[in-house]
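Participant: Quick one, fold the following:
(chains A, B, C and D)
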Protein chains: 2
Amino acid sequence: MSRPREFDVDRVLHQSMEVFWNKGFKATSYEDLTRTTGVKKQSFYCVFNDKRTLFLKALVRYREHSIAILEKLEAQKMSPLDKLESLRESLLDEEVSCRGCLMVNSAMEFGTEDDQVTGEIELMFAEAEHVLEKIIISGQEQQLITTRYSSKELASYLHNAIIGARIMEKSGASREQIEAVLRVSFSLISP
Amino acid sequence: MSRPREFDVDRVLHQSMEVFWNKGFKATSYEDLTRTTGVKKQSFYCVFNDKRTLFLKALVRYREHSIAILEKLEAQKMSPLDKLESLRESLLDEEVSCRGCLMVNSAMEFGTEDDQVTGEIELMFAEAEHVLEKIIISGQEQQLITTRYSSKELASYLHNAIIGARIMEKSGASREQIEAVLRVSFSLISP
DNA sequence: TCACTTCTTGACTACATAGTCAACAATTTA
DNA sequence: TAAATTGTTGACTATGTAGTCAAGAAGTGA
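Facilitator: Next up is the predicted model:
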């Protein structure tokens, strides 16, 4: 009953996430959000409450989206090494965009000052490492990956290298530089 | 002649750098700067021009200070491996402060939107990698460090791992987690 | 002591932006 | 068609802050 909403909440949430990803939380104004989504400020308040709540919803969406992609990769019928190789290449493609990773960006912007934001970031990181670990475990079982370190250690290690690359990208490093670093980093896992 | 300045410019610059380091560029207000240094806004304008100019001076100071520490380490009479070990430990000590690295923080805050800021960051990174490379070269000469990769590649690799650790720190990772990642990362360099 | 110069201070301007409010529009159901 | 309900809109409030200005304070040198 009553007047129906004129916009698609899901579409607006997605576009808002893109704006936050490009500009960061504080630097994003309602004017930015309105320009991108066509939705006026008060409508945001009706649906998402305040800016921070909208941002948290955007983080959740980003995490679910990113982890889904990772899990799809993990579930594919291919060698663990090829999975990691594919991941490494996808990083290089994405790097071009120069936006970095929304979670890493947010970790830098918020530090540890907002418990819910920090929680969302830690969840994302934990889930990402968990998928990495699954790939590594199967690689270790097939003697394709070193067992000098535990699967957990290697997952954390790779994750850290990836995060570093995400920073290089934001500080203007060339594709070649990032490629070189990732190549060396990923080579550690061989037996 | 005329009235002498009441504050030490160098002291104020150093304290301003600390504020920027703690809060970031945009989030730092003149109120913050005045509270920390005791110097009023207009005096800042007299000596440092605007906020961005002050920030650039703070970046230069940070870079010079950080590189000086690194070079002091490099110049010491000890094994290259011990130098790297010492560096790794000093990272862990610093991590506690939770502030990350001012250059990394600034890279994230500014992206590539300010040429002078980007230039300062790239200079810092290049200088840091150069010192790392000097240590690595001498390690390779003494067969203490792998020659599977060039000294340049290894320097970039280590630098990237360190930057990653600086991010972990800001996103609330424990000392143990950071220690584990750095341990694995540094182990790659053995022959 | 006095003129001159530079520093210091607080008030002021201009602007951006998060969040609120109340009037109005559009739709459903009785 | 009319009442009820909910979405939409633009104007409004409150606040924070970068940067400016002019008056006055505190030194210096003749």
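Participant: how about the nearest residue to the residue minimising distance to the centre of chain A, chain neighbours excluded?
Facilitator: Centre of chain A computed as the mean C-alpha position; nearest residue by CA atoms, centre = their mean is A:Cys101, 4.8 Å away. Computed as CB to CB, 6 or more residues apart in numbering or on different chains, the closest residue to A:Cys101 that is not its neighbour in sequence is A:Arg166, at 4.8 Å. Just so you know, the C-beta spots here come from the backbone N, C-alpha and C atoms, and that holds for glycine as well.
Participant: Ok, A:Ile67 next?
Facilitator: A:Ile67's closest residue in space is A:Glu127 (CB to CB, 6+ apart), at 4.9 Å.
Participant: before we move on, the earlier item: quick check, the residue nearest to the centre of chain A in contact with A:Gly164.
Facilitator: No. Using CB atoms under 8 Å, A:Cys101 is not in contact with A:Gly164, being 11.3 Å away.
Participant: what sits against A:Met103?
Facilitator: A:Leu59, A:Tyr62, A:Arg63, A:Ser66, A:Glu120, A:Ile121, A:Met124, A:Phe125 (CB atoms under 8 Å, 6 or more residues apart in numbering or on different chains).
Participant: Could I get the CA-only coordinates of the helix or strand where it lies as CSV?
Facilitator: If you go by DSSP states H and E, A:Met103 is part of helix A:102-110. The C-alpha trace of helix A:102-110 is given here as CSV (Å, rounded to 0.1, in the frame of the first residue of the first chain):
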residue,chain,number,x,y,z
LEU,A,102,37.8,-0.9,-0.5
MET,A,103,38.6,-2.8,2.7
VAL,A,104,42.3,-1.8,2.7
ASN,A,105,41.4,1.8,2.0
SER,A,106,38.9,1.7,4.8
ALA,A,107,41.3,0.1,7.2
MET,A,108,43.7,3.0,6.5
GLU,A,109,41.0,5.7,6.8
PHE,A,110,39.4,4.4,10.0
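Participant: how about it: buried residues?
Facilitator: A:Leu102, A:Met103, A:Val104, A:Asn105, A:Ser106, A:Ala107, A:Met108, A:Glu109, A:Phe110 (16 or more other CB atoms under 10 Å in any protein chain shown).
Participant: Check which helices and strands the helix or strand of chain A with the lowest mean pLDDT is in contact with.
Facilitator: Sorting the helices and strands of chain A by mean pLDDT, DSSP states H and E puts helix A:80-95 at the bottom, at a mean of 89. For helix A:80-95, the packing partners by 3 or more CB pairs under 8 Å, 6 or more residues apart in numbering or on different chains; DSSP states H and E come out as helix A:51-75, helix A:115-141, helix A:151-170, helix A:175-187.
Participant: What's the local residue count around A:Arg5?
Facilitator: 11 (other CB atoms under 10 Å in any protein chain shown).
Participant: Quick check, A:Gln143 in contact with A:Ser190.
Facilitator: No. Contact criterion CB under 8 Å: A:Gln143 and A:Ser190 do not qualify, at 10.6 Å.
Participant: just to revisit the earlier point, distance check, the residue nearest to the centre of chain A against B:Arg35.
Facilitator: Applying CB to CB, to the nearest Å, the value for A:Cys101 to B:Arg35 is 34 Å.
Participant: related to what we said a few turns ago, my read is that the residue nearest to A:Cys101 contacts A:Arg99, right?
Facilitator: No. The pair A:Arg166 / A:Arg99 is not scored as a contact, 9.4 Å apart, by CB under 8 Å.
Participant: More neighbours: the two, which one.
Facilitator: Just comparing A:Arg166 and A:Arg99: by other CB under 10 Å the higher neighbour count belongs to A:Arg166, 23 against 17.
Participant: how much space between the more buried one and DNA strand D?
Facilitator: According to CB to the nearest atom of the strand, to the nearest Å, A:Arg166 and DNA strand D sit 28 Å apart.
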